[in-house]
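Visitor: Structure of the sequence below:
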Amino acid sequence: MKDINVNEIAENLRRVISRLLKILKNQTKNDELLSLTERSTLASIYQYSEILPSELAVMEKVTAQSMSQIINKLLEHGFIKKTPSKTDKRKVIITITATGGKIVEKRRLEKQEWLAQSILEKTTQKEKELLVNAIKVLAKLDDLK
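Guide: All right, here's what the predicted structure looks like:
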């Protein structure tokens with residue numbers, strides 16, 4: 001049996017995942033309202049339900065000032081709301097609105113539909129079965145369950 005080169009596997013996997021992520025991001029690239037960072041921030045707020053602006057800035061790898069501008073734009077569009085913290089009045093909690101949640105869900109559905117269509121059109125039944133098993137292996141790498 002041939003030795004398995006894990007470095008080669010890692011490089012090929014990184015390359016394929018990076019290209020696939022780029023394609024998925026481009027599925028909603030023509031968004032007239034929000035930049036990629038604004039969409040990513042909105043998705044993070046959706047994921048965490050309640051979050052501090054400073055936490056968002058760290059997650060998005062932007063300055064506090066840049067995050068403040070992003071938050072203001074999301075507020076203007078009615079996608080999020082700010083609420084004073086009950087424990088520390090100097091802080092605000094960012095939450096998503098129903099409108100913001102619908103935007104995130106719509107984009108996720110668009111990406112999922114594109115990916116499902118690609119899988120349907122470009123893979124055989126055996127390859128689909130391989131994907132099911134590959135997802136289980138990939139989930140182990142990120143401790144997803």
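Visitor: What ranges in this structure fall below the confidence cut-off?
Guide: Scanning the chain for pLDDT under 70 picks out the ranges 1, 28-32, 143-145.
Visitor: which stretches of it form helices?
Guide: 6-26, 36-48, 53-60, 64-76, 98-122, 125-141 (DSSP state H).
Visitor: So which of these is nearest Asp88?
Guide: helix 53-60 (11.9 Å; CB to CB). Quick note: C-beta positions are derived from backbone N, CA and C, even for glycine.
Visitor: picking that back up, from the helices of the chain, which stretch is densest packed?
Guide: Most buried of the helices of the chain by mean neighbour count (mean count of other CB atoms under 10 Å) is helix 36-48; its value is a mean of 18.
Visitor: and that one, what other elements does it pack with?
Guide: Secondary-structure packing of helix 36-48 (3 or more CB pairs under 8 Å, 6 or more residues apart in numbering; DSSP states H and E): helix 53-60, helix 64-76, strand 92-96, helix 98-122.
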